[in-house]
Every structure is written in C-alpha cells, then in structure tokens.
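J.: got a structure for you, letters missing:
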C-alpha cells in the first residue's frame, strides 16, 4: 500500500522560496543573472522562485535524467541543453533536490565548459542521506537527512509532481 507522509507544507515552501528570492536578488544585483532550471523536477520551484527575484534575469532550461523508480541509475543523460549563450553570465542552477550529487556534478562540469562568469546552485531540498559527490548548494530552502520525497515537482515514475507540498513516499 502506497502511503504519503506529510513533510513540508505548502505555506512553509512559500515562505522559504520568498526568502531565497530575496537573498538571490541581493547577491546578484548589478550582475547578468540567468536561472537555469533542471528539468523536470525543478519546474514548479523555478516558476515560484523567478517571481520572487526582484532583479532582471533570464531563464533557461536543461534536461537530464538519472533516475529509474526510486533509485539513481548512476548514468547521466542530457535530454536538453541550454538555448542561451551563457558565456560571461552568472548562472544559477535551479534544482528540485540535491541527493547523491552525481547529476548536479555532471551538470556543473558541463556548464563550466560554456564559460559563464560564475555558477552557483539553488535547490529546494538539500538531502544528505545518499550524498556521493562533493557538491553542495549555495542556496537551499530545506535540508533533509532522508526519505523518498515527492510533490511540488518531485516525482515517482512521473507521478505526484502536482502535489502542492512535500511528502515522504512509502511504497
């Protein structure tokens, strides 16, 4: 029997996203900011975050895949590369969850090859349970130790993305 255990409420998410937007606006004032959302999981977070950032910025998307069910396959596949020229721009990678860190490490290495002025990471959830790569978020709305989380863009086999809050999925 599948069970969804509430972890983070919609109100808590809204508050933390607003705070992240304020911090990012201050940090990137007078810079050439590009938010690069990592598909598919970050799309809801990216949409809410961009509306909380008060400075001009561009938005692009990158697609990668590394999961099958609840497990990372360990193989990173790029499904969409950025459309914008990122050379000399300040890139903020927007991720739903930093888990093992392997996917984000591969994305960051690829982005470095595009010669941006800087690369930083903003994540909705910084999860430490299975971290393998030496990578961390510069901005993290929430920090969790464990759980297979769904909702607010995060999925299990493409389901549960539509939930307005974060839940621990028990199969």
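T.: Here it is on my side, so go on. What you see is a predicted model, and the numbers here were worked out from it, not measured in a lab.

J.: Following the chain past the helix ranked longest in the chain, name the next helix or strand.
T.: Counting by DSSP state H, the longest helix found in the chain is helix 10-27. Counting by DSSP states H and E, the element after helix 10-27 in chain order, helix or strand, is strand 33-39.

J.: just how off-centre is that next one within its chain?
T.: From the chain centre to the centre of strand 33-39 is a distance of 9 Å (Cα atoms, centre = their mean, to the nearest Å).

J.: Could you report the neighbour count for the residue lying closest to residue 165 once chain neighbours are set aside?
T.: Nearest non-adjacent residue to residue 165, counting by Cβ to Cβ, 6 or more residues apart in numbering: residue 10, 4.7 Å away. Every C-beta, even on glycine, is put in place using the N, C-alpha and C of the backbone. If you count neighbours by other Cβ atoms under 10 Å, residue 10 ends up with 13.

J.: Residue 10 touches residue 166, doesn't it?
T.: No - counting by Cβ atoms under 8 Å, residue 10 does not reach residue 166; the two are 9.1 Å apart.

J.: now the strands for the protein?
T.: 3-8, 33-39, 58-68, 71-80, 90-98, 118-127, 139-144, 149-150, 166-170 (DSSP state E).

J.: So, low pLDDT: which residues of this protein?
T.: Applying pLDDT under 70 to the chain flags the ranges 66-74.

J.: could you redo the last one with a cut-off of 50?
T.: Within the chain, no stretch has pLDDT under 50.

J.: helices or strands up against the longest helix of the chain?
T.: helix 43-52, strand 118-127, strand 139-144 (3 or more Cβ pairs under 8 Å, 6 or more residues apart in numbering; DSSP states H and E).

J.: and if we set it to 6 Å?
T.: With contacts taken as 3 or more Cβ pairs under 6 Å, 6 or more residues apart in numbering; DSSP states H and E, helix 10-27 sits against helix 43-52, strand 139-144.

J.: Could you check how far the closest residue to residue 5 other than its chain neighbours is from residue 23?
T.: Computed as Cβ to Cβ, 6+ apart, the closest residue to residue 5 that is not its neighbour in sequence is residue 168, at 4.3 Å. Distance from residue 168 to residue 23, counting by Cβ to Cβ, to the nearest Å: 27 Å.

J.: count of neighbours near residue 54?
T.: Residues near residue 54, counting by other Cβ under 10 Å: 12.

J.: Over to residue 95?
T.: Neighbour number of residue 95 under other Cβ under 10 Å is 24.

J.: what pairs with the closest residue in space to it that isn't next to it in sequence across the strands?
T.: Using Cβ to Cβ, 6+ apart and skipping the chain neighbours, the partner closest in space to residue 95 is residue 123 (4.5 Å). Per DSSP bridges, the residues bridged to residue 123 are residue 95, residue 140.
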